[in-house]
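>>> pasted the sequence and its predicted model underneath.
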Amino acid sequence: AELTRRLFVAALVTISYEFVLGHLLEFVKIVMQTSPEGTSYRDVMKSITGEKGFVGVWDGFVPWGVVQSILKGGVFGLAHAAATGFLKPLAEDGKMPLIVALCLAGAFGGLFQGYVLSPTLLLKTRVMTNDVF
């Protein structure tokens, strides 16, 4: 029950952040990386919102951004919970400081998240930069 709650909260927090701000920041970053040199942020925002208005900001969010957000939060939450379950007893036994155990658990969660999500990030990037979508 505790693990399910953690996974749900992590996924919900991630999808909320991605919808409000994360997707836009990632979209701008991707467009800047694929634009010719000298392109301004203003030009990028015009290209993103030019055809569909401000709603264009969420191009690629459904379904890929939603799937990625849920996976991102869920995978991190799962790996972090597993690492915390392994490392926290070591801290309680005095073998390492608690702050070190929690930092290592967070690092493991991020490492595992990156490993699992690399393919979906590539797919989302392709969808966001392809005019067909």
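Thanks, I have the structure now. Residues are numbered from 1 along each chain as shown.
>>> drop to CA atoms for contacts and neighbour counts, all remaining ones
OK.
>>> remind me what the helix or strand hosting V67 packs against, helices and strands.
In this structure, V67 is located in helix 66-92 according to DSSP states H and E. Identification of packing neighbours for helix 66-92 by 3 or more Cα pairs under 8 Å, 6 or more residues apart in numbering; DSSP states H and E yields helix 2-17, helix 98-129.
>>> next, the angle from the helix or strand hosting R42 to helix 98-129.
When elements are defined using DSSP H and E, R42 is found to belong to helix 41-49. For helix 41-49 against helix 98-129, the angle between stretch directions is 70 degrees (axes from the mean of the first three to the mean of the last three Cα atoms, to 10 degrees).
>>> average pLDDT across helix 41-49?
In this model, helix 41-49 has an average pLDDT of 89.
>>> report the distance from it to the chain centre.
Chain-centre distance of helix 41-49: 22 Å, with Cα atoms, centre = their mean, to the nearest Å.
>>> got it, and stretch 12-28?
Using Cα atoms, centre = their mean, we find the averaged C-alpha position of stretch 12-28 to lie 8 Å away from the chain's own average C-alpha position.
>>> quick one: end-to-end length of it, please.
Counting by Cα to Cα, to the nearest Å, you get 23 Å between the two ends of stretch 12-28.
>>> low-confidence ranges in this protein?
Under the criterion pLDDT under 70, the flagged ranges of the chain are 128, 131-133.
>>> how about the most centrally placed residue in it, nearest residue that isn't a chain neighbour?
Centre of the chain computed as the mean C-alpha position; nearest residue by Cα atoms, centre = their mean is K72, 5.1 Å away. Spatially, and ignoring its direct neighbours in sequence, K72 is nearest to Q113 (6.3 Å; Cα to Cα, 6 or more residues apart in numbering).
>>> correct me, but that neighbour touches S69?
No. With contact taken as Cα atoms under 8 Å, Q113 and S69 are classed as non-touching, separated by 11.1 Å.
>>> quick one: L3 and A11, what's the gap?
According to Cα to Cα, L3 and A11 sit 12 Å apart.
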